[in-house]
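**Q** Sequence first, predicted coordinates after that:
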Amino acid sequence: MENPLLLFPQLNISASKDKSYHKVMKSMVKEEPHQASKSGAKQKRNRLSLLLQKPEFHEGDQLGKPGNLTKAASVSPEEAVKWGESFEKLLSEKAGLDAFTKFLKTEFSEENIEFWIACEAYKKCKTTHELLPKARKIYETFIQKDAPKEVNLDFQTKELTSQNIDQPLITAFDEAQNRVYRLMEQDSYPRFLRSEPYLNLVRGKNPSRPTLRRRSRSFTVNDFQGVRPDLTLW
């Protein structure tokens, strides 16, 4: 009996080769896009790694624009300690005033310091014709009932101030300003001196610049930065 393989030698060999060829090609077609996607992902990871290693990419940049830690006005522990000597001393220095304003904002009572500042600006008017419009603006903003930034004043002080607005003098807000000043001095100021941001200033906590690994508190007045008294009207 003849060997059956010899009857169709070309057919058997060709079929075997065709099947093998198609299997190999199919495998290569599936493998190429997979390898390409892996290569692309690897390149993206490498680019991201290089970006993160650049020295100019650091947390401080995100804190900038305003209030960048590296640009904050420095306050020495000695200066911060002087703020604790008296409320008057605190308000007499710009950094101290800014710090106290930020603190009052955390207590939702910043209208007190803004009113005090507005009164200080009012008393610097050089001509009498400036007094009336500024007096009305201060009264409508801080004194009258349901004013947008109404300060806490007793009825008598409000009535006296209201009467002074008709023909305002340089002393029109003196009584109201003194009452708000004493309120801040006796109530808010002691809490400010016990607050963590102020105590950090006194302790001299001052990292030169932040890092990605750790967010540190600064002994610069940056702790209180980003908030200023609303002086645009005065």
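**A** On my side now, so go ahead. Numbers count the residues shown, from 1 in each chain.

**Q** CA atoms for contacts and neighbours, from now on please.
**A** OK.

**Q** mind checking how far residue 150 is from residue 144?
**A** From residue 150 across to residue 144, the span is 7 Å (C-alpha to C-alpha, to the nearest Å).

**Q** for stretch 114-128, what is the average pLDDT?
**A** The pLDDT scores in stretch 114-128 average 95.

**Q** Tell me the helix or strand right after the worst-scoring helix or strand of the chain on mean pLDDT.
**A** Taking mean pLDDT, DSSP states H and E as the measure, the helix or strand of the chain with the lowest value is helix 59-63, at a mean of 32. Following helix 59-63 in sequence order, the next helix or strand is helix 77-83 (DSSP states H and E).

**Q** Can you show me the strands along this structure?
**A** Assigned strands in the chain: none (criterion: DSSP state E).

**Q** okay, now the domains of it?
**A** As assigned by automatic domain parsing, the chain contains the domains 8-46, 74-224.

**Q** For those domains, which has the smallest mean pLDDT value?
**A** Sorting the domains of the chain by mean pLDDT places domain 8-46 lowest, at a mean of 49.

**Q** And the helices in the protein?
**A** 9-53, 59-63, 77-83, 87-92, 94-106, 110-122, 128-138, 155-166, 174-183, 189-194, 196-203 (DSSP state H).

**Q** Same question for the third one: list its buried residues.
**A** Neighbour-count burial for helix 77-83 flags 77, 79, 80, 81, 83 (criterion: 16 or more other C-alpha atoms under 10 Å).

**Q** So which of those is the closest to residue 135?
**A** When the buried residues of helix 77-83 are compared for distance to residue 135 (C-alpha to C-alpha), residue 83 wins out at 30.7 Å.

**Q** Can you name the residues that contact the closest one?
**A** Contact analysis of residue 83 by C-alpha atoms under 8 Å, 6 or more residues apart in numbering lists 89, 90, 96.

**Q** Going by neighbour count, which of those are buried?
**A** Taking 16+ other C-alpha under 10 Å as the criterion, what is buried in those is 90, 96.

**Q** tell me which of the contacts of residue 83 is nearest to residue 185?
**A** The shortest approach to residue 185 among the contacts of residue 83 belongs to residue 90, at 10.3 Å (C-alpha to C-alpha).

**Q** Can you tell me, leaving aside adjacent residues, what's nearest to the closest one?
**A** Once flanking residues are discounted, residue 90 sits nearest to residue 83: 4.5 Å by C-alpha to C-alpha, 6 or more residues apart in numbering.

**Q** got it, and residue 138?
**A** residue 118 is the one closest to residue 138 (C-alpha to C-alpha, 6+ apart), at 7.1 Å.

**Q** ok, the one you found to residue 80 distance?
**A** Distance of residue 118 to residue 80, computed by C-alpha to C-alpha: 25 Å.
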